[in-house]
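Student: Need coordinates for the below:
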Amino acid sequence: MAKIGIFYGSTEGNTERIVGKVQEALGGEDVAASHNVNSATSDDMQEYDNLILACPTWEIGELQEDWDSFIDQIEDVDYSGKKVTYIGVGDADGYPDTYQDAIGLIHERIADSGAEFVGKWPTEGYTFEESKGVIDGMFLGLAIDEDNEADLTDERIEKWVAQIKGEFGI
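Tutor: Residues are numbered from 1 along each chain as shown. Sure thing, here's the model as predicted:
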């Protein structure tokens, strides 16, 4: 069984593409299994000790529609002994005051769950005004802006994956 479960929602395909790149960088399906939240359950999440929750910020600071339907289920997971991180996809130019809010909204639901949160990512090099996805000056996980900074995506993924491999102990 894969050591990492990646749970994502994607409407236009950007998040799904990013998840595919992260999955490959982690070592492929044998290491990281991806699950679209439109057909996943909390039982699927329970199987993994290491979780990556990937969501684009939609509209003005909202969850992507599949995550909006799935969000209540994440509270049913026993996070004891689990490590959790996030991938956020957003548009910093178009929505600078809600950039990466979706990962913050997800985090709010499980912040006190007993999970160990890993994969925090620096905000340096990003231009935005506010974000629910930032705590103590760091993004809760990998922040990607395919709309305005697609040229930085592969490098960011490479560095972040190297970081979380160590934090996940793989």
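Student: tell me the mean pLDDT for stretch 93-100?
Tutor: Across stretch 93-100, pLDDT averages out at 96.
Student: Report the buried residues of it.
Tutor: Y95, T98, Y99, Q100 (16 or more other C-beta atoms under 10 Å). Heads up, the C-betas are built off the backbone N, CA and C, glycines and all.
Student: so what's the closest residue to E167 other than its chain neighbours up against?
Tutor: Using C-beta to C-beta, 6 or more residues apart in numbering and skipping residues adjacent in sequence, the residue nearest E167 is V118, 3.9 Å away. Going by C-beta atoms under 8 Å, 6 or more residues apart in numbering, V118 touches K83, V84, T85, I164, E167, F168.
Student: Kindly state the beta-bridge partners for the second one.
Tutor: Beta-bridge partners for V84, by DSSP bridges, are L51, F117.
Student: distance of it from L26?
Tutor: According to C-beta to C-beta, to the nearest Å, V84 stands 15 Å off from L26.
Student: do Q64 as well
Tutor: Relative to L26, and taking C-beta to C-beta, Q64 is found at 22 Å.
Student: again, but for G133
Tutor: Distance from G133 to L26, by C-beta to C-beta: 21 Å.
Student: These two: which has the busier surroundings?
Tutor: In terms of neighbours (other C-beta atoms under 10 Å), G133 is the more surrounded of G133 and L26; the figures are 29 against 23.
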